[in-house]
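[1] Generate a structure from the sequence data that follows.
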Amino acid sequence: EIGNLMAWAPDGAALAYITPANHYWGWYTGNLIVSEPGGELIYESENWLFSGDLTWSPDGSRLAAVALRAVDDIYTVGLIQLSSGVVEDLLGTAAAASEYTLPPGILRWSGRDSLQITLPCGVDCIRILEIGLSTGGQNILAEERQVGEDRLVDPLEHALEHEHVAGAGRDGFGEGYAGR
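    I've put the predicted structure just below:
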């Protein structure tokens with residue numbers, strides 16, 4: 001479920017919200033609007049559609065949100081620089097997952113320059129990544145797979161239940177484990 005279709009800036013000086021792209025979609029994918037409390041427009045998306053998880057940076061200069069790349073119909077995470085209006089696709093090709101998975105999600109800002117997100121890694125798998133926004137580096141914090149009906153386990157922590165795979169570590173470079 002994608003949430004946070006509206007979000008106030010940390011200082012309360014702006015409200016970000018999503019307007020539906022058309023009158024027929026029940027799913028709230030549409031334009032992103034950022035305005036002052038009095039209604040003055042600060043930003044309006046032009047070539048991107050957004051669908052939720054609006055998350056302000058601690059200083060209020062940037063806004064992260066789940067976005068739909070209309071070109072290939074794939075959900076990703078967009079980072080909007082409000083001063084310039086530039087939108088950066090934080091996931092690029094990593095956003096392309098199975099058609100049976102959930103879209104990515106935004107958990108929180110981690111400090112001034114890092115963002116923690118969830119990214120599907122299969123039908124029964126969610127990966128938690130931390131993205132360094134100035135470096136572009138991605139660090140895997142956890143990977144959870146569903147076992148049985150509703151129980152999730154972290155295969156990086158439960159090595160005995162998984163095969164050893166080099167390069168699948170938490171930092172993306174070390175040793176780790178992938179499911180069978």
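
[2] ok, how many other residues are close to N139?
    The local packing of N139 (other Cβ atoms under 10 Å) involves 17 other residues. C-beta coordinates here come from the backbone N, C-alpha and C atoms, glycine included.

[3] in the host helix or strand of it, what counts as buried?
    In this assignment (DSSP states H and E), N139 forms part of strand 138-147. For strand 138-147, a neighbour-count test (16 or more other Cβ atoms under 10 Å) marks Q138, N139, I140, L141, E143, E144, R145 as buried.

[4] what do you get for stretch 64-78?
    A64, A65, V66, A67, L68, R69, I74, Y75, T76, V77, G78.

[5] how long is it from one end to the other?
    End-to-end distance for stretch 64-78, by Cα to Cα, to the nearest Å: 6 Å.

[6] Could you tell me how far that stretch lies from the centre of the chain?
    What separates the centre of stretch 64-78 from the centre of its chain is 9 Å, taken as Cα atoms, centre = their mean, to the nearest Å.

[7] Distance of C125 relative to A95?
    Noted for C125: a distance of 15 Å to A95, by Cβ to Cβ, to the nearest Å.

[8] Pass me the low-pLDDT residue ranges in the chain, would you?
    Applying pLDDT under 70 to the chain flags the ranges 1-3, 22-28, 96-101, 147-180.
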